[in-house]
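A.B. asks: okay, sequence plus prediction incoming.
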Amino acid sequence: EHDGITGVSHVLEHMMFKGTARHGPGEFSRIIAENGGEENAFTGRDYTAYFQQLEKSRLEVSFEMEADRMRNLLLPEEEFAREVKVVMEERRMRTEDRPESLTYEQLNAAAFVNSPYHHPIIGWMEDLESLEIADLAAWYRRWYAPNNATLVVVGDVDPRQVLKLARKHFGPIPTAGLKLPKPRTESRQRGVRRVGVRAPAELPYLLMGYKVPVLKTAAEEWEPYALEVLAGVLDGGDSARLARNLVRKRQLAASAGAGYNLYSMRQDLFLLDGTPARGHSAAELEEALREEIERLKRELVSDAELARIKAQVVAGKTYEQDSIFYQAMQMGTLETVGLGWQRMDEYSDRVLAITAEQLQKVARKYLVDERLTVARLEPLPLENGNGGKGQGGEQHEDR
């Protein structure tokens, strides 16, 4: 999305349920429910996803309706006028009235100058206010086509039958002349970037993000897996370093965490965040988090700690495979960002192969000031009980 139409993908996701010539507004959801199924959709930073869970004998119902709305969406003006107001209210509730979400949004805007990750998924309010139905129509025609879609089916199905259904329903739909925008290389950062956010809140909040590679962009393929394990060392449960050292031992933080997504499409952030304990400041918490990072650079993680964290990381990913929904999501993500679904099967071996020396190497290489952006929430007095701890997010689910 470019300046002026941010949020268009998310608004279009809402409109995908507003009808075609064959199925009127709300009919998609009604028909899925009548067939004993469930459905929903969300927009993330790299793609929009639509999903249904149905008994396998009803699979063609999903194919027929998804193919219909891929090319035959009506986009009625009156529905758009209502839905864009819904999205604007959603933005107010999920971002502007949630201090942590607002801080996360401002962190990304400061950290990324050229990357599309500069913009929030839900869009800037000013762009939503000026968005027109013509913007959605152009976006829909440009991107909604079989050659820009990933279709995933997980369950007790016959692959040959699935392929037959795909050819029957999606084969007749014309492909789009996809013209991808030129890659936007992130400009070089030359020091710590800082942003302050003033909003009604009960407590301060700190968010730190280091620009790091992901599987799609890494020069060394082991590096993203090392960063994944590093996040576990810092925030892999109650026995991990941040909870143990900052929350319980030093009592500097009410909460502290770390996170990383190795499956993003573009360079992303290795995140650290926390809420200072009462009587402590965001500046003190930042200093303490930096001390933990410096320790990772200075000292090798012990064999026992590394083995425990790697086992936790692998177990977490393995347990997620119990859900066929998660399996479908993982496969769809890997295919959509251009990595290939087969990467699912490599994950455990890659994580278990990471060494303490590799953890130290990525910490020294990437967790440095020239890659760091810091956002601090400065609380303003609460009014009528509003405000307080929000939730930063990676996607918007709407129905």
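C.D. replies: Noted; the coordinates are in hand. Numbers count the residues shown, from 1 in each chain.
A.B. asks: the residue nearest to residue 276 when sequence neighbours are not counted and residue 251, how far apart?
C.D. replies: Among residues not flanking residue 276 along the chain, residue 285 sits closest, at 4.7 Å (CB to CB, 6 or more residues apart in numbering). Heads up, the C-betas are built off the backbone N, CA and C, glycines and all. Distance of residue 285 to residue 251, given as CB to CB, to the nearest Å: 11 Å.
A.B. asks: looking at the two, which one has more neighbours?
C.D. replies: A count of neighbours by other CB atoms under 10 Å puts residue 285 above the other of residue 285 and residue 251, at 26 against 12.
A.B. asks: before we move on, back to that, the residue nearest to residue 276 reaches residue 274, doesn't it?
C.D. replies: Yes. If you go by CB atoms under 8 Å, residue 285 and residue 274 touch, sitting 5.2 Å apart.
A.B. asks: list residues touching both of these two?
C.D. replies: Common contacts of residue 285 and residue 274 (CB atoms under 8 Å, 6 or more residues apart in numbering): 206, 246, 253, 256.
A.B. asks: among those, which pair sits farthest apart?
C.D. replies: Greatest spatial distance among the shared contacts of residue 285 and residue 274 (CB to CB): 206 and 246, at 11.1 Å.
A.B. asks: joint contacts of the two?
C.D. replies: Shared contacts of residue 206 and residue 246 (CB under 8 Å, 6+ apart): 274, 285, 289.
A.B. asks: what strand or helix carries the last one?
C.D. replies: In this structure, residue 289 sits in helix 282-298 according to DSSP states H and E.
A.B. asks: how many residues are close by the nearest residue to residue 218 once chain neighbours are set aside?
C.D. replies: In space, and not counting its chain neighbours, residue 218 is closest to residue 224: 5.2 Å by CB to CB, 6+ apart. Counted with other CB under 10 Å, the neighbours of residue 224 add up to 24.
A.B. asks: could you check the pLDDT of residue 224?
C.D. replies: pLDDT for residue 224: 99.
A.B. asks: check contacts around it.
C.D. replies: By CB under 8 Å, 6+ apart, residue 224 lies in contact with 212, 213, 214, 215, 218, 262.
A.B. asks: got the residue ranges for the strands in the protein?
C.D. replies: Per DSSP state E, the chain carries strands over the ranges 38-43, 48-53, 193-200, 205-212, 253-259, 268-276, 372-380, 396-397.
A.B. asks: picking that back up, want to throw the shared contacts of residue 285 and residue 274 into JSON lines with distance to residue 340?
C.D. replies: As requested, the shared contacts of residue 285 and residue 274 are exported to JSON lines (distance: CB to CB, whole Å):
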{"residue": "206", "distance to residue 340": "37"}
{"residue": "246", "distance to residue 340": "38"}
{"residue": "253", "distance to residue 340": "39"}
{"residue": "256", "distance to residue 340": "35"}
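A.B. asks: how about these in JSON lines, adding neighbour count, distance to residue 176 and pLDDT?
C.D. replies: JSON lines is the format used below for these (neighbours: other CB atoms under 10 Å; distance: CB to CB, whole Å; pLDDT from 0 to 100):
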{"residue": "206", "neighbour count": "24", "distance to residue 176": "44", "pLDDT": "99"}
{"residue": "246", "neighbour count": "25", "distance to residue 176": "50", "pLDDT": "98"}
{"residue": "253", "neighbour count": "24", "distance to residue 176": "49", "pLDDT": "98"}
{"residue": "256", "neighbour count": "26", "distance to residue 176": "46", "pLDDT": "98"}
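A.B. asks: against residue 132, how distant is the closest residue to residue 130 other than its chain neighbours?
C.D. replies: Spatial nearest neighbour of residue 130, excluding adjacent residues (CB to CB, 6+ apart): residue 4 at 7.3 Å. Separation of residue 4 from residue 132 (CB to CB): 10 Å.
A.B. asks: what's the answer for residue 356, then?
C.D. replies: Following CB to CB, the distance that separates residue 356 from residue 132 is 55 Å.
A.B. asks: neighbour count: the two, which is higher?
C.D. replies: More neighbours surround residue 356 than the other of residue 356 and residue 132, with 18 against 13 (other CB under 10 Å).
A.B. asks: and the residue nearest to residue 360 when sequence neighbours are not counted, how close does it get to residue 382?
C.D. replies: Using CB to CB, 6+ apart and skipping residues adjacent in sequence, the residue nearest residue 360 is residue 300, 5.8 Å away. According to CB to CB, residue 300 and residue 382 sit 45 Å apart.
A.B. asks: now swap in residue 365 and tell me
C.D. replies: From residue 365 over to residue 382 the distance is 42 Å, taken as CB to CB.
A.B. asks: more crowded one of the two?
C.D. replies: Neighbours per residue (other CB under 10 Å) separate residue 365 from residue 382, with residue 365 holding more: 15 against 12.
A.B. asks: check what pLDDT the more buried one gets.
C.D. replies: 98.
A.B. asks: then residue 384?
C.D. replies: What the model reports for residue 384 is a pLDDT of 61.
A.B. asks: swap in residue 315?
C.D. replies: Predicted confidence (pLDDT) at residue 315: the value is 97.
A.B. asks: that one: neighbouring residues, count only.
C.D. replies: 11.
A.B. asks: the one 10 residues further on too?
C.D. replies: For residue 325, the number of neighbouring residues by other CB under 10 Å comes to 12.
A.B. asks: surely residue 7 is in contact with residue 129?
C.D. replies: No. Using CB under 8 Å, residue 7 makes no contact with residue 129, being 10.2 Å away.
A.B. asks: which one of those two is surrounded by more residues?
C.D. replies: Neighbour totals were compared for residue 7 and residue 129, and residue 7 leads with 25 against 10 (other CB under 10 Å).
A.B. asks: no more questions from me, cheers.
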